[in-house]
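In: The following block contains a protein sequence and its predicted model.
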Amino acid sequence: MKYLKLSILLLTAICFTACDQKQRETVNTDILSSPINDYLEACESNGFNGTVLVAKGDSIILNKGYGLANKEKSFANTPKTVFDICSVTKQFTGTAILKLAEDEKLKLTDSLSTYFRDLPFDKKNITIHQLLTHSGGFGHDIGESDFDHIPEKEYFQQLFDTDLQFIPGEKYEYSNSGYSILGRIIEIVSGKSYESYLRKELFEPAGMTQTGYLLPKWNSDLVANEYLYNVINKGNHISKYQQDGKIAWPLKANGGINSTQEDMYKWYLALKNNTVLNNSSMEKLTTPHILEYEGESSYYAYGWAIFQSDRDTKVISHNGYNGINYYEFVWFPVEDALILFSTNSSTRESMRISFEVEKMLFDESYKPEPISKNKVTELLTFTESYTGNVKDLGGELKRKFEAMLDGPVYLNRLSGIYLRGDKIEKAIVIAELNTQLFPDNGNIWDTMGDVYFAAKQNEKAKDSYKNALKFKPKNDDCYWCDNSTSQLKTLETTK
């Protein structure tokens with residue numbers, strides 16, 4: 001599935017006073033909110049931390065937080081908790097471009113050469129429309145991370161010097177850097193910073209005060225920390241923005257905006273009621289312009305994915321993920337319904353929750369099973385609290401969890417966590433255990449090679465990469481083979 005479909009007790013028929021909306025449809029919130037809340041509380045018991053808002057017509061069926069925003073201070077998630085909405089930022093960028101077009105400040109047919117000088121020939125005629133629909137041909141990223149503060153001129157020089165992935169307009173290829181270009185165009189045309197323009201032209205008209213990067217007056221107690229596998233506190237991006245005092249171009253305009261469920265609901269109402277854009281612009285914003293993937297009925301509009309529901313009705317949606325935080329905005333215009341879902345400790349299990357909430361919203365008889373506990377979370381909880389000799393950790397993991405380890409993926413992810421966290425000793429013990437349990441799995445040997453390589457145990461790394469290639473799948477579906485091959489070449493040419 002490309003896009004997954006969504007206190008104390010239920011909230012009934014609430015509408016934010018700032019929106020001043022007239023209720024057009026009466027919804028029996030008791031019938032819907034109680035089972036949805038019961039399901040979410042069961043998920044909370046198995047590790048879900050986040051917030052969910054469900055609305056139909058002008059009634060908010062449920063708007064509630066689950067689990068903790070800050071474990072160290074025991075602060076609960078609430079509708080006022082601030083979350084990173086990640087790539088859902090892109091629809092703000094799309095809206096801002098259309099607002100400028102409404103104001104006759106630019107045209108969607110404008111080419112890059114209108115705004116940037118000395119472009120390579122193959123970039124000159126790429127249009128704003130193509131950037132909005134991820135059909136400009138640009139690759140995904142420039143820079144080492146979302147916080148790589150490459151100087152503006154250098155960032156765009158690097159980007160424009162890269163080879164295009166395909167002829168512009170030929171097909172779809174998701175591109176964060178394409179949306180960063182749009183963010184720069186917004187700045188050039190408006191004469192304001194990207195965030196200042198959004199704040200003045202989008203957020204203030206919608207009544208949103210808790211949405212942005214740096215400009216909102218954030219209450220730090222309301223900002224959710226992000227917990228890797230619901231265990232390791234990785235802090236939050238707002239504190240990093242404040243420390244840097246600016247937003248890096250690898251992130252700006254394509255991701256990283258923070259908001260609350262209350263503000264995002266206000267945004268939904270602003271779009272629905274043409275507070276920010278007129279009808280014509282809204283039609284352009286949500287028209288399915290380009291097919292995302294062959295064989296799937298999923299299209300991309302301007303910062304939104306468009307597809308059909310199981311009920312054969314239009315869905316306007318986008319999700320976002322930064323490696324820990326996951327956000328999803330799912331709008332059902334035909335049914336006049338909305339699901340806003342956020343979690344500050346995402347797992348594969350929790351990413352299904354909004355899909356189950358959608359089923360409950362449109363089928364009162366549907367009763368989903370709560371998410372199961374995440375196995376990597378259980379393993380990580382144990383390894384983080386383990387105080388014995390690290391050399392004995394593998395044996396302890398095998399003794400305690402062997403029945404649960406029915407596949408190599410769980411220990412592989414666990415070793416990766418410690419590899420990326422520069423805790424190499426633990427990574428070695430865990431990866432070695434995995435190769436003992438699943439000795440015929442090439443991907444596991446590839447990870448083992450990476451761990452030994454990081455530990456500068458080059459001979460062991462070479463042997464591991466050779467083992468990885470020995471177990472290359474016969475169907476050539478080998479996403480790790482290139483890594484093993486290149487790393488082995490590097491090691492064999494190193495004196």
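Out: Structure received. Residues are numbered from 1 along each chain as shown.
In: outside of stretch 88-97, which residues touch it?
Out: 106, 108, 128, 132, 179, 182-183, 185-186, 194, 197-198, 201-202, 253-257, 271, 276-277, 285, 301-304, 318-320, 327-329 (C-beta atoms under 8 Å, 6 or more residues apart in numbering). C-beta: built from backbone N, CA, C; applies to glycine.
In: how does it look with 6 Å?
Out: With contacts defined as C-beta atoms under 6 Å, 6 or more residues apart in numbering, stretch 88-97 is touched by 132, 179, 182, 186, 198, 253, 255, 257, 285, 302-304, 318, 320, 327, 329.
In: Could you pull out the buried residues of it?
Out: 88-97 (16 or more other C-beta atoms under 10 Å).
In: quick check, nearest of these to residue 71?
Out: residue 88 (24.7 Å; C-beta to C-beta).
In: Over to that closest one. Which of the three states is it?
Out: helix (DSSP: H, G, I helix; E, B strand; the rest coil).
In: Return the distance of it relative to residue 331.
Out: Here the distance between residue 88 and residue 331 works out to 11 Å (C-beta to C-beta, to the nearest Å).
In: How about residue 478?
Out: For residue 478 relative to residue 331 (C-beta to C-beta), the value is 39 Å.
In: With residue 104 instead?
Out: Taken as C-beta to C-beta, the span from residue 104 to residue 331 is 28 Å.
In: Next: residue 210.
Out: Applying C-beta to C-beta to residue 210 and residue 331 gives a distance of 20 Å.
In: show me what contacts residue 136?
Out: 126, 130, 168, 178.
In: swap the cut-off to 8 Å and go again
Out: Counted by C-beta under 8 Å, 6+ apart, residue 136 has contacts 126-127, 130, 164, 168-169, 175, 178, 181.
In: Okay, and which of these map to helices?
Out: 130, 178, 181 (DSSP state H).
In: higher neighbour count, residue 104 and residue 331?
Out: Between residue 104 and residue 331, counted using other C-beta atoms under 10 Å, the more crowded position is residue 331 (21 against 7).
In: Got the phi and psi for that one?
Out: phi -120, psi 130 (degrees, to the nearest 10).
In: How about residue 320?
Out: phi -150, psi 150.
In: swap in the one 3 residues further on?
Out: Backbone geometry at residue 323, expressed as degrees, to the nearest 10, gives phi 100, psi -20.
In: Once you drop chain neighbours, what's closest to it?
Out: residue 228 (7.9 Å; C-beta to C-beta, 6 or more residues apart in numbering).
In: isn't that neighbour right up against residue 344?
Out: No - applying C-beta atoms under 8 Å, one finds residue 228 not in contact with residue 344, separated by 10.3 Å.
In: ok, now how distant is the residue nearest to the spatial centre of the chain from residue 341?
Out: Nearest to the mean C-alpha position of the chain, counting by C-alpha atoms, centre = their mean, stands residue 321 at 1.4 Å. Using C-beta to C-beta, residue 321 is found at 12 Å from residue 341.
In: And residue 52, by the same measure?
Out: 6 Å.
In: where in the stretch 251-400 of the chain is pLDDT low?
Out: The model of the stretch 251-400 of the chain has pLDDT under 70 over residues 295.
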